[in-house]
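Chemist: sequence and predicted structure below; questions after.
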2 protein chains.
Amino acid sequence: MSLVVEGTRDSLIKAAIGVFSAKGFEGGSVREITQAANANQAAINYHFGGKDGLYREVLKASIQAFAELSPLDMDRLAAVDGPQAVETFIRTQLKALNRRDQLGRFMRIFTWETLSRSQVFTDFLAEEKLPVFAVAEIVVRKFLPAETERADLWIAIFWLLSQVETFIRPERLERPPYNLKIDQALIDRLGERLSEMTVAALSAWGSHGNADQRRSFSPASQAAPSP
Amino acid sequence: MSLVVEGTRDSLIKAAIGVFSAKGFEGGSVREITQAANANQAAINYHFGGKDGLYREVLKASIQAFAELSPLDMDRLAAVDGPQAVETFIRTQLKALNRRDQLGRFMRIFTWETLSRSQVFTDFLAEEKLPVFAVAEIVVRKFLPAETERADLWIAIFWLLSQVETFIRPERLERPPYNLKIDQALIDRLGERLSEMTVAALSAWGSHGNADQRRSFSPASQAAPSP
DNA sequence: GATCCTTTCAAACGAACGTTTGAATTCAAA
DNA sequence: TTTGAATTCAAACGTTCGTTTGAAAGGATC
């Protein structure tokens, strides 16, 4: 396969990442993607079998990108204390606010799936493990009692993931009524603020404990992760 | 205007609330709405001037619904202490998890607008004030230093609003990997948890204060609110 | 009953959608 | 140079979209 061919295929994936990030899978059109990639519409069916196949490739690319680019190493997080783990986690996620951040676009694609999950994404989750859940579990376990009910553990993971999820769209913070200017200073300030607040919140949870404590299950060992 | 006519118009609005809640403005189709309302497609143009006009009516209906149904009274919130205000705020918003909650559907419509803001919604925000921002300001001000920089105040408001935003879709919590069972017990437990954590987080912010404190602006007095 | 206005209807429009198709181009190997 | 495979192309397809249209039905008034 020549470089030109690799170029078309990669261009389509790259264009699709951008379009799906901005408009979601349903809202992003084949025509828009092929225009952005300078490719023929038929190329999507030729290379990927169709729009579904292209999206599947984009989701696979996200796994690879997170593995290569994300500094959220589980061993490193396990080795530090709670507050440090939270700060690393929060600041890493906030990098998505930087429009040039590659991982940010994948994260924004995932947010569309939280509102209305597509079949492609459902199938994708059934066969791939997103490491972000295991990472989040490591972080929250540093605060929660050792024997925490499974449902509570999932709530804590969900909550931790949600702490940054709403912040990863720069345009949302820049528009009225917030009118915030997204620059490195604000991102740093957000990282500091959110980390402090997250530590305080999780500490409050940990200090109250669970009156009704049952045998716990590790969510990280579950077969089907999801964002 | 006869009852039959009112019936069609109201049926369309009711159906549109459901469809836009599930699929957003772009994703919700005129055909799906008219089918759900047992009305003719042309009725949308006749009664509302088109899909945009229908959506505008839905957004107006949301303002009315929040005014009538939401117990978040600013005077009452102002009169209680911080933790009580937070708990009232959080538990009120979590009612959206109850599928029969009318306000929940409007809240879910708003979440679509956080990912990709429609022109109709932009215009709507330019002329209507959503009281939820003023309410959120009252709550966070109970924790923040009196002279808090305007950008920080907006960040705190954004953060408080985001604490429940990700929780208002029951299907999201029910699906893998969370697999939580949404019932009144879980909603109550969530209310307790999130309230505790929110108080702790905001208290942490308040206790650290601002080293660099400038003249503050009240966001609630801004001309252009948004969700 | 006739007239006028309001409302609803079935059908169709033009545009955009994802996909398909036969032809053309490009590339690699013999 | 020839041949075959891979890739791209322009055009068209059937479907769905929001909107429009003329006709029909319903309701109110005279």
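Modeler: That came in fine, so what should we check first? Numbers count the residues shown, from 1 in each chain, chains lettered A, B, ... in the order given.
Chemist: send me stretch A:89-107 as CSV with only the CA atoms.
Modeler: Taking Å, rounded to 0.1, in the frame of the first residue of the first chain, the C-alpha atoms of stretch A:89-107 are listed here in CSV:
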residue,chain,number,x,y,z
PHE,A,89,-5.7,13.0,37.1
ILE,A,90,-7.4,16.4,36.9
ARG,A,91,-4.6,18.2,35.3
THR,A,92,-4.2,15.5,32.7
GLN,A,93,-7.9,15.6,31.7
LEU,A,94,-7.9,19.4,31.6
LYS,A,95,-5.3,19.4,28.9
ALA,A,96,-8.3,18.8,26.6
LEU,A,97,-9.1,22.5,27.0
ASN,A,98,-6.1,23.1,24.8
ARG,A,99,-7.5,23.0,21.3
ARG,A,100,-4.3,21.4,20.0
ASP,A,101,-4.6,18.6,22.4
GLN,A,102,-5.2,15.4,20.5
LEU,A,103,-6.8,13.5,23.3
GLY,A,104,-9.2,16.3,23.9
ARG,A,105,-11.0,15.5,20.6
PHE,A,106,-11.5,11.9,21.6
MET,A,107,-12.8,13.0,25.0
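Chemist: mean confidence (pLDDT) on it, please.
Modeler: Here stretch A:89-107 scores 90 as its mean pLDDT.
Chemist: contacts for it, please.
Modeler: A:17-18, A:21, A:61-62, A:65-66, A:69-72, A:77, A:108, A:135-136, A:139, A:160, A:163-165, A:167-168, A:170, A:173, A:182, A:184, A:187, A:190-191, A:194-195, A:198 (CB atoms under 8 Å, 6 or more residues apart in numbering or on different chains). For every residue, glycine as well, the C-beta is placed using N, CA and C.
Chemist: stretch A:11-20 now?
Modeler: For stretch A:11-20, using CB under 8 Å, 6+ apart, the contacting residues are A:28-29, A:32-34, A:36-39, A:43-44, A:47-48, A:54-55, A:57-58, A:61, A:105-106, A:109, A:112.
Chemist: could you check how far the residue nearest to the spatial centre of chain A is from chain B?
Modeler: Note on chain A: the residue nearest the mean C-alpha position is A:Met107, at 3.8 Å, using CA atoms, centre = their mean. According to CB to the nearest CB, to the nearest Å, A:Met107 and chain B sit 12 Å apart.
Chemist: DNA strand D next: which of the contacts of stretch A:11-20 are close?
Modeler: A:39, A:43, A:47 (CB under 7 Å from any atom of the strand).
Chemist: could you export those residues as CSV, including neighbour count, secondary structure and pLDDT?
Modeler: CSV is the format used below for these (neighbours: other CB atoms under 10 Å in any protein chain shown; DSSP: H, G, I helix; E, B strand; the rest coil; pLDDT from 0 to 100):
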residue, neighbour count, secondary structure, pLDDT
A:Ala39, 19, coil, 95
A:Ala43, 19, helix, 96
A:His47, 18, helix, 96
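Chemist: pull the contacting residues for A:Val120.
Modeler: A:25, A:52, A:55-56, A:59.
Chemist: just the buried ones from these?
Modeler: Taking 16 or more other CB atoms under 10 Å in any protein chain shown as the criterion, what is buried in the contacts of A:Val120 is A:25, A:55-56, A:59.
Chemist: widest-spaced pair of the residues you listed?
Modeler: A:Phe25 and A:Arg56 (10.4 Å; CB to CB).
Chemist: ok, back up a step: quick one: buried ones out of the contacts of stretch A:89-107?
Modeler: Of the contacts of stretch A:89-107, these count as buried by 16+ other CB under 10 Å: A:17-18, A:21, A:61-62, A:66, A:72, A:77, A:108, A:135-136, A:139, A:160, A:163-165, A:167-168, A:170, A:173, A:187, A:190-191, A:194-195, A:198.
Chemist: can you tell me the closest non-neighbouring residue to A:Ala151?
Modeler: Distances taken as CB to CB, 6 or more residues apart in numbering or on different chains place B:Leu180 nearest to A:Ala151, at 5.8 Å, with adjacent residues excluded.
Chemist: number of residues surrounding that neighbour?
Modeler: Neighbourhood size, B:Leu180 [other CB atoms under 10 Å in any protein chain shown]: 18.
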